[in-house]
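# Take a look and give me a structure for this.
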Amino acid sequence: MKADSINFRSISANAWGNMTSDLRYEDLVLDASLLFGSRGKEAIKFTRNERALLAAFTRNGNRLLSRSQLLDAVSADDFEASERNIDFLITRLRAKLGDPARAPRFIATQYGEGYVWIARPLSMKPLEAFIVIGPVSGLAGEAVEAQGQALVNLLRRRLAERTGKEGAVAVAEDFRLQSGIPHKVRFALQVSFLNEGGRLHCGAVLRNALDGRILHASRLELDPADPATFDREATALADTTKAAIWQNLTSPAANIELPLEVMVFNASRLLSEPDQSWLASGEILAKEHRDHPQDPRVAVMWAAHLYAQLVMSGVYSPLTDDDRAAMETEIERTVLTHLPAIQDDPSLSMAAAKLLHYIARGHDDLVDHLLERAFDRCTAFAASFGIIGQVRATRGLFDEAIRSYDHGIAICEPASEFHLYLLFLKAAALLASNRREELPGVIRSLQIIKPESIRSLAPFILPPDKPLDEMQERFLDGAGPEGCRKFVDYLYKTSARQFRSPRHQANVMRGIATHAMRKFGPEVAPEVVRALLARYPA
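The predicted model follows:
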């Protein structure tokens, strides 16, 4: 028997002993020894001769192997040396792999010559990315491969620009959702190419990597003679991909536990840089609201975005009082206009109640009505307890509010963003009710879940009647008078102002305002805060 230039006896004897990790081809996984394999949940055991064939094939992917070469690879004492028996062995191996000869995925027949292992090995290393561009197919041919790679690289850059996070977008040509590998991927953009009529066609399918659902599909047409079409199409696809991801992230089906305004904020944070530029994500909602003014869900999401902007802008880019009043008027108008259409939707009713409660324009009875109806039909109990707790706390019903928050904390996903959100709300209620002795329990929980979150809470829980420690003094010195003025103003407008009782407002403000004014003078606090502290000194 002739073995050409490949030493198949060496492969047959040593191949599985030299392999150090599993191999994956589409849905097929081969263990390092080649004794066993699996397709989905089906386990496969291979004979010695089948292992020898697999070793020869996987070591020589996309290379024609003659029957003579394969016979040399098997060459066992208990195997009848004939090329006909190689065909029989191939047929048996194909049956185990689920690989029909007429539509092969693994072993292709080259009639009159031999067999070719045509499957491409996939990486077994888990990927971690917000968006993966992959799988990428149809890149056969030198010109198509170069043009396709150019588009994929442009697309990766455009998507990275729209998320604003380093490493958020990865390219994995062989990526498979149902691979059995524990990838940490949120969305997958499958890209395929077709070269036809002198133009490069590209199909793109966006999927939710958590459940495989198709979220959006696009078709692009590129002119290889005009490089500008590549950038234009990549930019357009990145925009539509971001919009589809936004809609998925803010879908009640995908976020059954979260209040709508938290969904909107989380989506904004995931899809933008971690600073003021996240507000630009509102352009998506603004366009949706303009294009579909009668859509109640889009309308409430738009109002929720305005709410999130009011809450966030105090730190990054303070709004004027007139700006705030105009945005609160827009929230009120939008919610009231669409109430008839949303009153039977528990998720939207909860969001509407929260928004009307926040603007505090005399809608308390309507808020109670919406909450009562929504709670009776709502399955997102943790979100319900969060909103009900806020309403009760701002009305001074602190025991009921704390119980609501604790109920929500007990049933929400541990260590989730919503868990943190409820802890912050509980801390605000403890401040307002002057139950500062209970704050250390909240702080310990925050430190366990996310230690860096303490930096956000620390300025607001400074003890008003005790000297500050060295770290707290350094914080005030680092913030300076302008930074402290922003913190005090932010805390009043986004938290203290929501409480109906002036005494409770003063309790929220007392810590940071007292120490900031002591260090930098009374002008560091707005007049309304100074008046509150003068009226309720302790």
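# For stretch 176-190, give me every contacting residue.
With contact meaning Cβ atoms under 8 Å, 6 or more residues apart in numbering, stretch 176-190 is reached by 24, 26-27, 29, 38, 40, 122, 124-136, 155, 159, 175, 204-210, 212, 215, 241, 245, 248. All C-beta atoms are positioned from the backbone trio N, CA, C, and that covers glycine.
# Select only the buried ones of those residues in PyMOL?
Of the contacts of stretch 176-190, the buried ones go into a single PyMOL selection, burial set by 16 or more other Cβ atoms under 10 Å:
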select buried, resi 24+26+27+29+38+122+127+129+130+131+132+133+134+135+136+155+159+175+204+206+207+208+209+215+241+245+248
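# Show the low-confidence segments of the stretch 51-200 of the chain, by residue range.
Along the stretch 51-200 of the chain, the parts satisfying pLDDT under 70 run over 75-83, 123-124, 140-143, 164-167, 178-181.
# For it, which segments count as strands?
Secondary structure of the stretch 51-200 of the chain by DSSP state E, counting those that start in this stretch: the strands cover 64-66, 107-110, 114-117, 128-137, 169-171, 184-196, 199-208.
# Now do the first one: everything it contacts.
Residues outside strand 64-66 that contact it (Cβ under 8 Å, 6+ apart) are Asp4, Ala56, Phe57, Ala73, Gln110, Glu113, Gly114, Tyr115, Val116, Trp117.
# Can you turn the buried part of those into a PyMOL selection?
Typed into PyMOL, the next command selects the buried ones out of the contacts of strand 64-66 (criterion: 16+ other Cβ under 10 Å):
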select buried, resi 56+57+73+114+115+116+117
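# Flag every buried residue along whichever strand or helix holds Met301.
In this assignment (DSSP states H and E), Met301 forms part of helix 296-316. Going by neighbour count (16+ other Cβ under 10 Å), the buried part of helix 296-316 is 296-314.
# just checking, what packs against the next helix or strand after that helix?
Counting by DSSP H and E, the next helix or strand C-terminal to helix 296-316 is helix 321-342. With contacts defined as 3 or more Cβ pairs under 8 Å, 6 or more residues apart in numbering; DSSP states H and E, helix 321-342 has these neighbours: helix 296-316, helix 346-359.
# Make CSV from those and add mean pLDDT and distance to Ala427 to it.
Formatted as CSV, the helices and strands packed on helix 321-342 follow (pLDDT from 0 to 100; distance: least, Cβ to Cβ, whole Å):
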stretch, mean pLDDT, distance to Ala427
helix 296-316, 79, 15
helix 346-359, 89, 18
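# As CSV, those helices with distance to Pro104 would be great.
Shown next, in CSV, are the helices and strands packed on helix 321-342 (distance: least, Cβ to Cβ, whole Å):
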stretch, distance to Pro104
helix 296-316, 47
helix 346-359, 49
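# From Leu159, how far out is the residue nearest to the spatial centre of the chain?
By Cα atoms, centre = their mean, the chain has its centre lying nearest to Arg186, at 5.2 Å. The spacing between Arg186 and Leu159, counted by Cβ to Cβ, to the nearest Å, is 12 Å.
# For Leu23, which residues are in contact?
Counting by Cβ under 8 Å, 6+ apart, the residues that Leu23 touches are Val29, Leu30, Thr58, Pro121, Met124.
# So what are the structural domains in this protein, by residue number?
The record assigns the chain these domain ranges, following automatic domain parsing: 8-117, 128-242, 250-379.
# Take these and write them to JSON lines, including distance to Val488.
Listed next are these as JSON lines, based on distance: least, Cβ to Cβ, whole Å:
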{"stretch": "domain 8-117", "distance to Val488": "57"}
{"stretch": "domain 128-242", "distance to Val488": "29"}
{"stretch": "domain 250-379", "distance to Val488": "10"}
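# closest to Ser404 out of those domains?
domain 250-379 (10.8 Å; Cβ to Cβ).
# Give me the pLDDT value at Leu336.
For Leu336, the pLDDT comes out at 95.
# Likewise for Ala286?
pLDDT for Ala286: 79.
# Over to His369?
Reported pLDDT for His369: 90.
# Specify the angle between whichever strand or helix holds it and helix 321-342 in degrees.
Taking DSSP H and E as the definition, His369 sits inside helix 364-377. If you take axes from the mean of the first three to the mean of the last three Cα atoms, to 10 degrees, helix 364-377 sits at 50 degrees to helix 321-342.
# Alright, calling it a day.
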